[in-house]
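**Student:** Sequence first, predicted model second:
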Amino acid sequence: MAIRIDGKLMSAQVLDDVATDAAAFYQEFGIKPGLAVVLVGDDPASQVYVRNKIARATECGINSFKHRLPADTTQEYLDRLVADLNADPEVHGILVQLPLPAHLDEERILTAIDPAKDVDGFHPVNVGALNIGKESLIPCTPQGCMIMLRKVLGDLSGKHAVVVGRSNIVGKPMAALLLQANCTVSIVHSRTNNPQLLTKQADILVAAVGKPEMIGPDWVKPGAVVIDVGINTVERAGQYKLVGDVHYAAVEPLTQAITPVPGGVGPMTIACLMKNTLTAARRLETQSRSGRQYAVMV
Ligand SMILES: Nc1nc2c(c(=O)[nH]1)N[C@@H](CN(C=O)c1ccc(C(=O)N[C@@H](CCC(=O)O)C(=O)O)cc1)CN2
């Protein structure tokens, strides 16, 4: 019988550790870690995610600063807000909830965030650092997937990992992290010929395509560990429900372990955001303290 990888349970463990770290951080530096959350527009799913992020931050002892902006916010206003947050010493992490309304330039905003405060890990400096194995802030969803994989499999060395999807937010950083963990990595995407030929060889299969239940049993090697990143809303018999990119009922019996949707990768994304906020806060405060000591010396 397959192991159901419980994202709620695992995220609770990550959040417990973050709460302990946040208390130690407060003892050491005399301030709480601070997370600024920027939400532009009225997307209902984004509102839920932001509400959950702020609730988890509060539970962990992280200060949150919410900036809720109307859908017609101008690029100039958003640029100025990000510049102000970059300069604010109480803010250690900044996240701009995606997707942004179509008139706003997503790349420009993500690049405007100070890389040291980029708790989503989307800034090109952090993307580059991840790809060359240097210290960086690691995107939350792939980071959560790696925690889950290590819990189930331990050492990932030598495993054949196949990532379905090549987005900047999930597919590409996921592949980079699996490579760093010494997996043999393939990326399958919309232009891949006969994708099942590759996915059927995968010891680890990560589905991140955003297509409801696209991955059926004919895509999966028996005994594989399957991580489903997709969160898709579908209408069934007049009711809305969430499903992943994997057809859970059909694929689960084949697998060694599999994440459900909901209750799999999603909660880990938010837990890793809190973890990144602590990491950013510690780096920034340590740096500022050593800067102050240097100023006293000279
Ligand atoms: N700036 C960012 N924007 C977006 C990110 C991101 O990492 N940074 N990822 C997604 C949305 N997202 C976080 O922001 C996110 C999505 C889903 C969940 C989650 O816990 N889902 C639950 C189900 C929730 C529900 O009932 O609707 C689950 O899977 O169990 C957390 C975070 C896009 N934007």
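**Tutor:** Great, that's in hand. Residues are numbered from 1 along each chain as shown.

**Student:** Any idea how many residues pack against Lys8?
**Tutor:** Per other Cβ atoms under 10 Å, the neighbour tally for Lys8 reads 14. The way it works is simple: take the backbone N, C-alpha and C, and place the C-beta from them, glycine included.

**Student:** Any idea which residue of the protein lies closest to the ligand?
**Tutor:** Residue nearest to the ligand within the chain: Gly266 (2.3 Å; Cβ to the nearest ligand atom).

**Student:** Just read off the phi/psi values of that residue.
**Tutor:** Dihedral pair for Gly266: phi -50, psi -60, per degrees, to the nearest 10.

**Student:** can you tell me which residues contact the residue nearest to it when sequence neighbours are not counted?
**Tutor:** Nearest in space to Gly266, with sequence neighbours left out and distances taken as Cβ to Cβ, 6 or more residues apart in numbering, is Ile231 at 6.0 Å. Counting by Cβ atoms under 8 Å, 6 or more residues apart in numbering, Ile231 makes contact with 242, 244, 261-262, 266.

**Student:** cool, and Leu110?
**Tutor:** 96, 118, 120, 122-123.

**Student:** Of those residues, which are in range of the ligand?
**Tutor:** 96, 120 (Cβ under 6 Å from any ligand atom).

**Student:** Neighbour count for the contacts of Leu110 - can I get that in CSV?
**Tutor:** Listed next are those as CSV, based on neighbours: other Cβ atoms under 10 Å:
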residue, neighbour count
Val96, 24
Asp118, 25
Asp120, 24
Phe122, 24
His123, 21
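
**Student:** Could you dump the contacts of Leu110 into a markdown table and include secondary structure and pLDDT?
**Tutor:** Shown next, in a markdown table, are the contacts of Leu110 (DSSP: H, G, I helix; E, B strand; the rest coil; pLDDT from 0 to 100):
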| residue | secondary structure | pLDDT |
| --- | --- | --- |
| Val96 | strand | 98 |
| Asp118 | strand | 98 |
| Asp120 | coil | 98 |
| Phe122 | coil | 98 |
| His123 | coil | 98 |
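
**Student:** rewinding a little: can you pick the most crowded of the contacts of Ile231?
**Tutor:** When neighbours are counted by other Cβ under 10 Å, Gly244 leads those with 29 neighbours.
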